[in-house]
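Chemist: Make a model of this:
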Amino acid sequence: MSVDFAPRHRFTVDEFHRMGEAGILAHDDRVELINGEIFEMSPIGSRHARCVRRLDRWLHRVVGDKAVVSARQPLKLALDGEPIPDLAVLKPRADEYGDSHPTGTDALLVIEVADTSVLYDRNVKGELYAASGVPEYWVVDLNAHLVTVFGSPEQGRYTEQHDHARGDSWSASPLGGRMVSADEVLGDFSA
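Modeler: Numbering: from 1, shown residues only. Model prediction:
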């Protein structure tokens, strides 16, 4: 018997943090808060980790001190959402985000690397990022060798979506209009 109709208790970001402080959620639990629900994150495989490390280095070189590159750190979105994107490029802030986690309006670009979570990243997280005003969102699909660039968030959805395969390139507004190639983002992964 399915209980999908059963009411659920939805948590706020503050409650989520208090669960961590109380020891209900351990520091090393791989969970994130999405629309008030606590989701266990997929294990990070070696291809995924390698891609995130490589993109982290690349983004640091590209943005220099004009922005903040944040890897695997919380992004507070609304009262009931705090995902942990693989990478985010953030507006610089004097406190270096020491006073609070960055929000969707602080983000210039969010990137999720997907090898097992592509549908979740494209749909669930995509809607959350759009609703929070993240101007550009990339899903790096390691299995399909594809970079999907979402842009122009309106009314909780991205109105633009462009799939870039190997050999394609595009102008990345959050990176100062720099031309970016799918090969550069995907790296040298083979199937």
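Chemist: Show me where this protein dips below the pLDDT cut-off.
Modeler: Applying pLDDT under 70 to the chain flags the ranges 1-5, 189-191.
Chemist: Would you mind finding the longest helix in it?
Modeler: If you go by DSSP state H, the chain has its longest helix at helix 46-63.
Chemist: Next, the buried residues of it.
Modeler: By neighbour count with 16 or more other CB atoms under 10 Å, helix 46-63 contains the buried residues 48, 51-52, 54-56, 58-59, 62-63. Bear in mind the C-beta positions are built from the backbone N, C-alpha and C, glycine included.
Chemist: got it, and stretch 170-190?
Modeler: 172, 174-175, 180, 182-183, 185-186.
Chemist: Run the chain-centre distance for stretch 121-129.
Modeler: Offset of stretch 121-129 from its chain centre (CA atoms, centre = their mean, to the nearest Å): 9 Å.
Chemist: which residue is nearest the middle of the chain?
Modeler: Pro85 (3.1 Å; CA atoms, centre = their mean).
Chemist: For beta bridges, what are the partners of the residue lying closest to it once chain neighbours are set aside?
Modeler: Spatial nearest neighbour of Pro85, excluding adjacent residues (CB to CB, 6 or more residues apart in numbering): Val110 at 4.8 Å. For Val110, the beta-bridge partners under DSSP bridges are Ala88, Tyr137.
Chemist: Go ahead and confirm Val110 touches Ala130.
Modeler: No: proximity of Val110 to Ala130 does not meet the contact threshold set by CB atoms under 8 Å, at 10.3 Å.
Chemist: what do these two both touch?
Modeler: Listed contacts common to Val110 and Ala130 are Tyr137; contacts here mean CB atoms under 8 Å, 6 or more residues apart in numbering.
Chemist: before we move on, the earlier item: going toward the C-terminus from the longest helix of the chain, what's the next helix or strand?
Modeler: strand 68-71 (DSSP states H and E).
Chemist: Centre of the chain to that following strand, how far?
Modeler: Centroid separation for strand 68-71 versus its chain: 11 Å, with CA atoms, centre = their mean.
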